[in-house]
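[1] What shape does this take:
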Amino acid sequence: MGRVNEDDLEWSETEREETHFRRKSLSSETDVDDLGASLYELPPDGSSWPYHFHTGNAEAIYVLSGAGVLRTPDGEEPIEAGDYCDFPATPEGAHRLRNDGDDPLRFLAVSTMQDPDVTVYPDSEKIGVYAGAPPGGDKDERVVAGYYREGDDVDYWEDES
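    Down below sits the predicted model:
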């Protein structure tokens, strides 16, 4: 059994334009490789990762404290402490959270950790490709990783002999 206490972990912080959050990767400190779990905290006016969905990994969140807005393909809706939301590995699972309150929005995010995975970003028309380690996994183990515009498709035989 793996065990870690959040107080034993340091926050990592991501800030870029409207994306702003702190994260503690809980599962990276334990021994189970096929389940991801992270504690997130969005400051007021902060947002989570850009609007996206995975094709290989389902995700879910449980709101611990605070309130905010959840964007999905159905539009935006308020979320608050006690809400659980799951996101299937399909276009219907696209999501992004935003803190529109005055207090930090804290939530637990869990996900399957299937490899390989493709992440789709509908707003920017990009895809992320990961093989060797899924998103949230060990980047050093990846044999393929990158982000590409969906329109950059090439013919299978291009530059092949």
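
[2] for the residue nearest the centre of the chain, what are its contacts?
    The centroid of the chain falls nearest to Trp49 when counting by CA atoms, centre = their mean (5.9 Å). Trp49 makes contact with 19, 96 under the criterion CB atoms under 8 Å, 6 or more residues apart in numbering. Heads up, the C-betas are built off the backbone N, CA and C, glycines and all.

[3] Can you tell me, leaving aside adjacent residues, what's nearest to Phe53?
    Ala94 (4.1 Å; CB to CB, 6 or more residues apart in numbering).

[4] ok, now Leu70?
    Ile79 is the one closest to Leu70 (CB to CB, 6+ apart), at 4.7 Å.

[5] The closest residue to Thr30 other than its chain neighbours: how many residues sit nearby?
    In this structure, Thr30 finds its nearest non-sequential neighbour in Gly2, 2.7 Å apart by CB to CB, 6+ apart. Per other CB atoms under 10 Å, the neighbour tally for Gly2 reads 10.

[6] wait, Gly2 sits on Asp33?
    No. Using CB atoms under 8 Å, Gly2 makes no contact with Asp33, being 10.4 Å away.

[7] any idea how far the closest residue to Pro116 other than its chain neighbours lies from Asp115?
    Counting by CB to CB, 6+ apart, Pro116 lies nearest to Ala131, which is 3.9 Å off, once chain neighbours are set aside. As judged by CB to CB, to the nearest Å, Ala131 and Asp115 stand 6 Å apart.

[8] Ala145 now?
    Ala145 is 11 Å from Asp115, by CB to CB.

[9] and the residue nearest to Phe53, how far is that from Phe21?
    18 Å.
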